[in-house]
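Visitor: structural data only, the sequence is not supplied:
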């Protein structure tokens, strides 16, 4: 997640500044699942040779805070997203329809300010059946991981430091533990199903360097992978007896990286580069640009892959133009 044009200049940004324009939205079809992802295409640093049929499926309303920050796949071709500025979790149907599933409470302390950003926002999202987990940052006592069952009201599961910024989140299905990044503190926490919080890494490679550090997070191949926005890196942290082992850099040069996902082909990654308006595929030392602003990206925040269908929400944090959900097909 990134909400800045420059690292220091917009640290004092406010809700009024971010939510300063209306954007119309439509409801075209998202597209149905198709076959498996094919072999990695030849390296390309421009254009989108490895994807076809890129299109904006849904336009969101910037004025009401519909800035999609995180995305998870749901059933029946739908996806679920967090709307950062409106503190909401919403379902985007296969027909493009939008249904709000939950709204997190406004901070009780109206004078509280979220570190770096200055306003309350929802970030990471995990869905386990009908149960949802949401990361929420307010600069006050509401900061932490919230949960709700579909149709129910959100409740605070685990409080996290108010002077931090909980951001990316993933769940280990073997233990039920949530792994949560804090982009300000440069920390990874675990949160148990009962709300117990434990710090499992504060490796220096997770730290911010001017703005936001560790950001997206995934579990893959017996390790935790995490991105660092300021450093433009993806890190691998192996599981250990007392937490996570030392971080090892597995990819660099990923300017403004936000969240990412694995495609299911070995260690192949697709990542959203927020500040440069790109989506890239990372395969070992190779980086291939799949989508750019020319395709409709407007500060992409996260990615999801369903078969060969690629789904990318853009939050328009700094572009201030057209938050949307872009859909494309990965070429074979």
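Guide: Yep, that arrived. Predicted model only: the values in this text are computed from it and were never measured. Numbers count the residues shown, from 1 in each chain.
Visitor: and residue 243, how far is that from residue 179?
Guide: In this structure, residue 243 and residue 179 are 11 Å apart, going by Cβ to Cβ, to the nearest Å. Quick note: C-beta positions are derived from backbone N, CA and C, even for glycine.
Visitor: these two: which has the busier surroundings?
Guide: Between residue 243 and residue 179, residue 179 has the larger neighbour count (other Cβ atoms under 10 Å), namely 25 against 16.
Visitor: show me what contacts that one?
Guide: Residue 179 sits next to 169-172, 188-190, 200, 217, 219, 224 when contact means Cβ atoms under 8 Å, 6 or more residues apart in numbering.
Visitor: circling back to that earlier point, overlap in contacts of residue 243 and residue 179?
Guide: residue 200.
Visitor: which PyMOL command selects the buried ones in the contacts of residue 179?
Guide: The PyMOL selection below is limited to those of the contacts of residue 179 classed as buried (16 or more other Cβ atoms under 10 Å):
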select buried, resi 169+170+171+188+189+190+200+217+219+224
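Visitor: just the contacts of residue 179 now: which is nearest residue 282?
Guide: Within those, the smallest distance to residue 282 is 15.5 Å, found for residue 217 (Cβ to Cβ).
Visitor: doesn't residue 172 make contact with the closest one?
Guide: No - assessed by Cβ atoms under 8 Å, residue 217 is found out of contact with residue 172, at 10.9 Å.
Visitor: pLDDT score for residue 331?
Guide: pLDDT for residue 331: 85.
Visitor: please list the members of the contacts of residue 179 that lie in strands.
Guide: 169-171, 188-190, 200, 217, 219, 224 (DSSP state E).
Visitor: in terms of pLDDT, where does residue 28 sit?
Guide: 32.
Visitor: before we move on, what about residue 42?
Guide: 31.
Visitor: swap in residue 20?
Guide: pLDDT for residue 20: 27.
Visitor: quick one: mean pLDDT for the one helix or strand residue 226 maps to?
Guide: Taking DSSP states H and E as the criterion, the element that holds residue 226 is strand 223-228. The average pLDDT within strand 223-228 is 98.
Visitor: got the contact list for whatever helix or strand comes next after it?
Guide: Remark: after strand 223-228, the chain's next helix or strand is strand 233-240, criterion DSSP H and E. For strand 233-240, contacts defined as Cβ under 8 Å, 6+ apart pick out 188, 201, 203, 205-206, 214, 222-228, 244-252, 254, 257, 260, 269, 271, 282.
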